[in-house]
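J.: Below is the sequence, then the predicted model.
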Amino acid sequence: TSKAERASWMLFFACWIAYAIISMSKSAYSAAIAPIVQSGVMEKSQAGLINSGFYLLYGMAQLLGEKLVDRISPIVMVSFSLIGAAVTSLAMAFADGFLSMFILWSLCGLLQFAMYPAILRVLAEYLLDEHKSKAMVYISFSYCAGSLLNYLGSAMVLKFFDWRMIFVFSAAVIVLILILWIFISKKTSGVLL
């Protein structure tokens with residue numbers, strides 16, 4: 001295979017794993033709801049509102065941020081979403097009640113809004129033509145992989161720690177993937193970007 005082919009597949013792998021990890025982080029709160037309620041931090045009705053805040057801001061930002069995603073480098077936007085998810089996930093581990101969790105998790109949704117459109121732009125604009133159609137199909141599996149990773153990881157974390165460590169685990173994995181994303185995007189930039 002040529003250098004360009006390797007770079008194209010590496011960039012696709014980075015997109016796939018980055019979106020899987022963002023999908024993992026989106027589900028982190030869902031995995032933590034039951035232990036949060038059991039710990040007495042908040043009631044069930046409040047816990048449900050927090051997830052609603054995430055998706056409300058996430059959805060609104062996707063609608064309103066369309067032009068922003070078109071104007072800024074998708075490589076930068078993926079990095080931005082990963083950083084935002086890591087910071088807000090870690091902050092959730094230290095949140096102590098409904099209001100702080102609602103604000104932080106809603107902010108997490110807002111900061112992740114550009115991830116999927118940015119990933120699609122990378123696949124459409126930077127991959128080699130012969131890789132684009134396969135990449136568009138395979139990227140859909142990353143969401144399922146991320147959700148699965150969240151629930152398996154959360155189950156393991158809850159076996160030994162309390163619910164706060166779910167968010168620490170999520171933040172740590174996101175940071176590792178952010179480093180991988182930066183490394184691969186820099187390595188492929190001279191070949192594809």
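T.: Received the coordinates, thanks. Because the structure is predicted, anything quoted here is derived from the model rather than measured. Residues are numbered from 1 along each chain as shown.
J.: Contacts only, for the residue nearest the centre of the chain.
T.: In the chain, the C-alpha nearest the mean C-alpha coordinate belongs to Ile22, at 1.5 Å (Cα atoms, centre = their mean). Residues counted as contacts of Ile22 (Cβ atoms under 8 Å, 6 or more residues apart in numbering) are 81-82, 85, 112, 115, 146, 174. Heads up, the C-betas are built off the backbone N, CA and C, glycines and all.
J.: distance of it from Ile72?
T.: 17 Å (Cβ to Cβ, to the nearest Å).
J.: sorry, back to before: narrow the contacts of Ile22 to those that are buried.
T.: The neighbour count (16 or more other Cβ atoms under 10 Å) marks 81-82, 85, 112, 115, 146, 174 as buried among these.
J.: So which of these are in helices?
T.: Members of these lying in helices (criterion: DSSP state H): 81-82, 85, 115, 146, 174.
J.: Now flag whichever of these is closest to Gln46.
T.: Ala85 (22.5 Å; Cβ to Cβ).
J.: what separates the residue nearest to the closest one when sequence neighbours are not counted from Ala47, distance-wise?
T.: Leaving aside its chain neighbours, Ala85 sits nearest to Ser25 (4.6 Å; criterion: Cβ to Cβ, 6 or more residues apart in numbering). Separation of Ser25 from Ala47 (Cβ to Cβ): 18 Å.
J.: Those two: which is more packed in?
T.: Each of Ser25 and Ala47 has its neighbours counted (other Cβ atoms under 10 Å); Ser25 has more, 30 against 20.
J.: dump the residue contacts of the spatially closest residue to Glu66 that is not a sequence neighbour.
T.: Once flanking residues are discounted, Glu66 sits nearest to Pro117: 7.5 Å by Cβ to Cβ, 6+ apart. By Cβ under 8 Å, 6+ apart, the contact list for Pro117 reads 62, 66, 69, 74, 77.
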